[in-house]
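Engineer: Have a look; sequence and predicted model below, questions after that.
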Amino acid sequence: METYKNYVKDVVKFGRITMILGMFAVLLPPFLMTFVFGFNPGISAIIAGAISQISVSGAFYFSEPISYYPIIGTTGLYIETLSGNAVNMRIPAAVTAIESSGYRSGTDEGSLMGTIGIAVSVYVGIFFVLAATFLGQTLIANLPENVTRMLTLIIPALYGGIFGQFAVKSYKTAIFALCIAFVMTKIVALLPGNMSFLITLVSVFTTIAVAKTQLETINKNS
């Protein structure tokens with residue numbers, strides 16, 4: 001689809017610009033605190049904090065683009081990276097949009113539908129963030145305790161919902177993903193230090209390998 005290729009080229013061109021602007025926007029507050037107001041924790045504290053953060057989320061630098069790309073495409077990756085909330089908002093919105101449209105993940109049409117879903121979720125998210133800013137604290141403070149405890153289950157519920165949507169398409173891959181994630185959780189618990197990033201890396205890439213093997217087997221038999 002020539003039109004789609006030209007569209008992606010424009011997305012990459014403007015996406016790079018927005019990513020650079022986003023990087024400067026993120027760095028602006030600490031630069032102001034350091035060079036204008038003179039508040040600085042020291043280079044040793046900055047390095048220690050950076051190492052700690054990288055050890056936890058560094059694996060997502062590799063796993064998220066690979067695992068999310070078939071769902072949301074190039075445009076969706078740019079939007080998701082800048083807006084955040086990938087797991088609890090962007091990916092569920094993209095998956096729902098693709099499923100509702102009838103297109104398949106991994107196709108150009110599916111990527112476009114996923115992008116539309118993500119774009120809509122950004123505006124919806126902004127609305128609810130503003131509403132929560134002005135009304136959320138008062139509302140949450142008056143909720144019953146059992147309801148507030150249930151709110152902590154939102155993220156696991158979203159994970160489970162997305163997993164279920166894909167599990168019905170390949171139950172063997174789903175079972176393998178659950179098993180490898182469980183095994184890696186137990187292994188990482190025995191390792192010294194905070195090596196939780198290994199759970200994500202190993203689980204994502206081994207599951208992709210298993211799914212690819214199953215797909216090749218189906219294609220050979222068909």
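Structural biologist: Here it is on my side, so go on. Numbering: from 1, shown residues only.

Engineer: Skip ahead from the lowest-mean-pLDDT helix or strand in the chain and say which helix or strand is next.
Structural biologist: Of all helical and strand segments in the chain, the minimum by mean pLDDT, DSSP states H and E falls on helix 137-141, at a mean of 69. Toward the C-terminus, helix 137-141 is succeeded by helix 145-151 as the next helix or strand (DSSP states H and E).

Engineer: what's the single longest helix in the chain?
Structural biologist: Counting residues, the longest helix in the chain under DSSP state H turns out to be helix 2-31.

Engineer: That helix - contacts with which helices or strands?
Structural biologist: When contacts are defined as 3 or more C-beta pairs under 8 Å, 6 or more residues apart in numbering; DSSP states H and E, helix 2-31 sits against helix 60-83. Placement of C-beta: from N, CA and C, glycine included.

Engineer: residues making contact with the helix it packs on?
Structural biologist: Contact partners of helix 60-83, identified using C-beta atoms under 8 Å, 6 or more residues apart in numbering, comprise 8, 11-12, 15, 18-19, 22, 86, 90-91, 94-95, 98, 105-106, 108, 110-112, 114-115, 118-119, 122, 125, 197, 200-201, 204-205, 208.

Engineer: Where helices are concerned, which of those count?
Structural biologist: Of those, the ones assigned to helices by DSSP H are 8, 11-12, 15, 18-19, 22, 91, 94-95, 98, 108, 110-112, 114-115, 118-119, 122, 125, 197, 200-201, 204-205, 208.

Engineer: show me the contacts for the residue nearest the centre of the chain.
Structural biologist: The residue lying closest to the centre of the chain (C-alpha atoms, centre = their mean) is residue 86, at 3.3 Å. When contacts are counted by C-beta under 8 Å, 6+ apart, residue 86 touches 64, 68, 80.

Engineer: Please report which of those residues has the highest neighbour count.
Structural biologist: Within the contacts of residue 86, most neighbours by other C-beta atoms under 10 Å means residue 80, with 26 neighbours.

Engineer: On the pLDDT front, check that residue for me.
Structural biologist: On pLDDT, residue 80 comes in at 86.

Engineer: likewise the one 4 residues further on?
Structural biologist: Looking at residue 84, its pLDDT is 79.

Engineer: same question, residue 23
Structural biologist: pLDDT recorded at residue 23 is 90.

Engineer: Which secondary structure state is assigned to the closest residue in space to residue 49 that isn't next to it in sequence?
Structural biologist: The shortest distance from residue 49 to any non-neighbouring residue, by C-beta to C-beta, 6 or more residues apart in numbering, is to residue 41 (7.9 Å). Counting by DSSP: H, G, I helix; E, B strand; the rest coil, the backbone at residue 41 sits in coil.
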